[in-house]
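1. using only what follows, build the 3D model:
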Amino acid sequence: MQKLIDLNYSWHRAYYKKIKGYYACATEYFETEDGKSKHRTILLHTYLTNSKNKYVDHKNHNTLDNRKDNLRVTNNARNSQHRNGANKNNKTGVRNVHLVTRYGGKQLYLVQLMKNGERYKWEFELNEFQEACDFAELKRQEIFGEFAGNG
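-> Numbering: from 1, shown residues only. This next block holds a predicted model:
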């Protein structure tokens, strides 16, 4: 049976700087044993999956889409693997593809992925940027499977 949203909560969307996006959430106000007024935020995807202290992944990357078929309970590593785009300090703009300068000044593209503490690296010449991008996508799919995310 599907869990219904508790109407005692006032649901809204809130901006989260860490993800640069929004989550659907509610604020619950309560009083502690010593009479102090406190509150806590309840994230809708956590509430619907009943997954307190666990990670919930949005399969389509839309954090406001909380349909049951778009949510899956996972762990931190898998949730981190399944993300969009490159890191903000990546100069190529393509996830897992980095422009590096070796000793002696030689530049090349490095495709690099990590899973379970194991690092995977492949090198491409400067004239092989598109090949490096395609290869990174292929290896993400191969290594991370359904949690490969988008480049």
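
2. list the contacts of the longest strand along the chain.
-> Looking across the chain with DSSP state E, the single longest strand is strand 21-31. Applying C-beta atoms under 8 Å, 6 or more residues apart in numbering, the contact partners of strand 21-31 are 6, 9-16, 37-45, 47, 63-64, 66. For the C-beta atoms, the positions are set from N, CA and C on the backbone; glycine is no exception.

3. what of stretch 52-66?
-> If you take C-beta under 8 Å, 6+ apart as the criterion, stretch 52-66 is touched by 13, 19, 21-24, 43-46, 48-49, 69-76, 78-79, 82-84, 147, 149-150.

4. just the buried subset of those, please.
-> The neighbour-count test (16 or more other C-beta atoms under 10 Å) marks 23-24, 43-46, 48-49, 71-72, 74, 78-79, 82-83, 147, 149 as buried among the contacts of stretch 52-66.

5. paired strands for the longest strand of the chain, with orientation please.
-> Sheet partners assigned to strand 21-31 using DSSP bridges are listed as strand 11-16 (antiparallel), strand 37-43 (antiparallel).
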